[in-house]
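**Q** Sequence plus the predicted model coming up.
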Amino acid sequence: MTDGHDHESGIGEYLRLGLMGMVVVASLTGWWRPFMTRDWLAFTGTVIGGFPIYKEAWENLLKRRMTMELSMTIALLAALAIGQFFTAIVIAFFVLFAELLEGYTVGGGRRAIEKLVNALPRYVTVRQNGQESELKTEELSAGEVIVIRPGERIPVDGTVTKGGSYVDQSSITGESLPVEKTEHSRVFAGTINKNGVLEVSVERVGRDTTFGKIIQVVEQAEKSKAPVQRIADRLAAGLVYFALAAAILTFVVTRNLTATIAVIIVAGACGVAAGTPLAILASIGSAARRGIIVKGGLFLEKLADIDTIVLDKTGTLSMGVPEITGIRVVGAATENEVLQNAAIAEQHSEHPIGEAIIRKARAAKLSLREYADLRYIPGKGLTCLDRGSKIVVGTRAFLEENGIGLDTGEAGSFLNTTKPGETLVYVGRNATVLGALAIADQLRREAIEAVGQLKQQRYRIVLLSGDGCQAASAVGTRLGVHEAIGDLLPQQKLEEVRKLLKHGRNVAMVGDGVNDAPALAEATVGIAMGAGTDVALETADITLMTNDLTRLAEVFGIAKRCYRVIMFNFWGTIVVDSLGIALAFFGLLSPIIAALIHVGSELAFILNSARLFRPGILRFGLAPAGPALGRGSARRLPHPP
């Protein structure tokens, strides 16, 4: 079909097709023979019923575009000219039937997007001065408090100010299980409150919400054309030229006008022209349903060609949040004593390491007494007074500056027991060292599994980290990556990506969308682990709305499956058209059988692409998640000959 056709079907099209079907049946019975020498009903049905075909052919001819409608118009006029009225009405009926089914299939994807736009509640319950009232969602402003009852869809991005519940976030992150929300938790528009009542402070409304931005991205992706789609359009036009050339050759050689018409009809089938955008739309929708936002078919095509995946460590493979991995003690001190003294000094700290110490102390249910005379030295540590004793927490040099020696004895052995990636925070009281806390950024639980999945798909995996080379190497060994490089600043990560590109690699850069922005932009495809952040949505070509690394294998699988479908349609179209032309040339194919082959092959390729939709695939979490897509090697669609 032509790319200029909007594929939307109205009641008029259904009525026209129904009437043409009745004419076909009536003509087939031969009722007209006692009354007419020719089947003028079929003639009239072809002329009037086929008007959409003629109209589009004329419009495309004025634009100098060769389309299937043009070749079908030529075939229909030729059939009418030689008196094959029944053949003409059957051909017109089947062509319009194929267009109608194609319009319904493609329109279904667009209707799903429109359904998304209207999915948010139009009215919300607002609490003001202790009173509740109804208000239109678009009239909300930042700072207002709304009430979300069980089963209601959340209409805004905001923060929970009161209440607790579990929220289904699958429409944003693709997570299959509801997430617990308590006071100070972030909530997103488009998600569903499951069981409790929540009061939410409004932050963003409508198109400004994360949900709204996802819809905008998907809408833009649906409208944009990937290079492979433009190739499919050129193939469709090329096949029309080929059909006309084959028809002329057939007539010159055989002088058989019926065979010539059959050649035009059978060679006009080009399911790849409609199947390609359909496959891309379905794949983008399938990815979005899993919390993976692809900004266009261009990036799906690029993704299918990737051979090297570059992974940032902090915030991508790791949690980006320090955790205490061990407590070392000196002399008679206990682990709880070391932890409690450190927590007393750090209890009001906003430093990530201080927060890790407080989390550990609270988990151990240790009491934190009030301190006095707190002094913080950036980059070194802090001191405070507790019950008249001085607590010192910080680096080795900082403890030594405060009269606590660490050079000899058991304390000196701490430096020999650290693991790569660990940082030691020393703890002393008065002039005595109590021990040290080992702190490290923890790998995500699914990181090893995710890297394993990518290696199974035969990607080369490179780890880039700002940590020391030894720490990066240790993490790389644990994950099983092919190469790990440490001591890198953001600019140096960019240079590493450029080196890979210069060596002919197709690189996907996976980062957190903030400090990795230069490398994300430079890579063949930039993939941000965003957890729903604005920066991630705006920076990368593809955004994972959750930090679940296993989604990486899924998005690569989606891209590969999309292009396997397109490749099948591509070669299938060429094989069917070539075989049909050969049969028609030797008089083995009547125009009606050619029409059946034309419609059957087109529908087969369109439905092959439509398989990528599957039930609910464009509902973005409004239906249960389907199984992960299969794996396979990717190949670029070749240019048509």
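**A** Thanks, I have the structure now. As the structure is a computational prediction, the values presented were derived from the model and not from experiment.

**Q** mind showing which ranges of the stretch 201-350 of the chain have poor pLDDT?
**A** 217-230, 232-233, 236, 268-271, 274, 320 (pLDDT under 70).

**Q** the helices in it, which residues?
**A** Using DSSP state H, counting those that start in this stretch, the helices found in the stretch 201-350 of the chain span residues 210-223, 227-254, 257-267, 271-289, 297-304, 335-346.

**Q** now for those helices, which one comes closest to I485?
**A** Among those, helix 297-304 comes nearest to I485, with 23.4 Å by Cβ to Cβ. Using the backbone N, CA and C atoms, a C-beta is placed for each residue, glycine as well.

**Q** Distance check, V433 against I324.
**A** Computed as Cβ to Cβ, to the nearest Å, the V433 to I324 distance reads 18 Å.

**Q** Repeat that for Y166.
**A** 29 Å.

**Q** okay, these two: which has more neighbours?
**A** I324 (19 against 16; other Cβ atoms under 10 Å).

**Q** does L100 count as helix, strand or coil?
**A** helix (DSSP: H, G, I helix; E, B strand; the rest coil).

**Q** Touching, it and Y14? I think so.
**A** Yes - taking Cβ atoms under 8 Å as the definition, L100 is a contact partner of Y14 at 7.3 Å.

**Q** So which of the two has more stuff around it?
**A** Neighbour totals were compared for L100 and Y14, and L100 leads with 17 against 12 (other Cβ under 10 Å).

**Q** now that one: how far from R611?
**A** Taken as Cβ to Cβ, the span from L100 to R611 is 20 Å.

**Q** returning to that earlier point: just so I know, which of the helices of the stretch 201-350 of the chain lies nearest A79?
**A** Nearest of the helices of the stretch 201-350 of the chain (Cβ to Cβ): helix 257-267, 5.6 Å.

**Q** And the closest one, what does it pack against?
**A** The contact analysis (3 or more Cβ pairs under 8 Å, 6 or more residues apart in numbering; DSSP states H and E) places helix 257-267 against helix 68-81, helix 227-254, helix 551-585, helix 591-610.

**Q** What residues sit buried inside it?
**A** L257, T258, A259, T260, I261, A262, V263, I264, I265, V266, A267 (16 or more other Cβ atoms under 10 Å).

**Q** For those residues, could you give me CSV that also reports distance to K313?
**A** As requested, these are exported to CSV (distance: Cβ to Cβ, whole Å):
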residue, distance to K313
L257, 71
T258, 70
A259, 67
T260, 66
I261, 65
A262, 63
V263, 61
I264, 61
I265, 60
V266, 57
A267, 55
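
**Q** nearest to T308, of these?
**A** Of these, the one sitting nearest to T308 (Cβ to Cβ) turns out to be A267, at 41.6 Å.

**Q** which residues does the closest one contact?
**A** S71, L239, F242, A243, A246, A247, D577, G580, I581 (Cβ atoms under 8 Å, 6 or more residues apart in numbering).

**Q** Let me know whether the fifth one touches I265 as I believe.
**A** No - between A246 and I265 there is no contact under Cβ under 8 Å: 11.3 Å.

**Q** which one of the helices and strands packed on helix 257-267 lies closest to V475?
**A** Per Cβ to Cβ, nearest to V475 of those: helix 551-585, 16.9 Å.

**Q** Mind giving me the packing neighbours of the closest one?
**A** helix 227-254, helix 257-267, helix 271-289, strand 292-294, helix 297-304, helix 447-456, strand 542-544, helix 591-610.

**Q** between that helix and helix 447-456, how many degrees?
**A** Angle of helix 551-585 versus helix 447-456, following axes from the mean of the first three to the mean of the last three Cα atoms, to 10 degrees, is 30 degrees.
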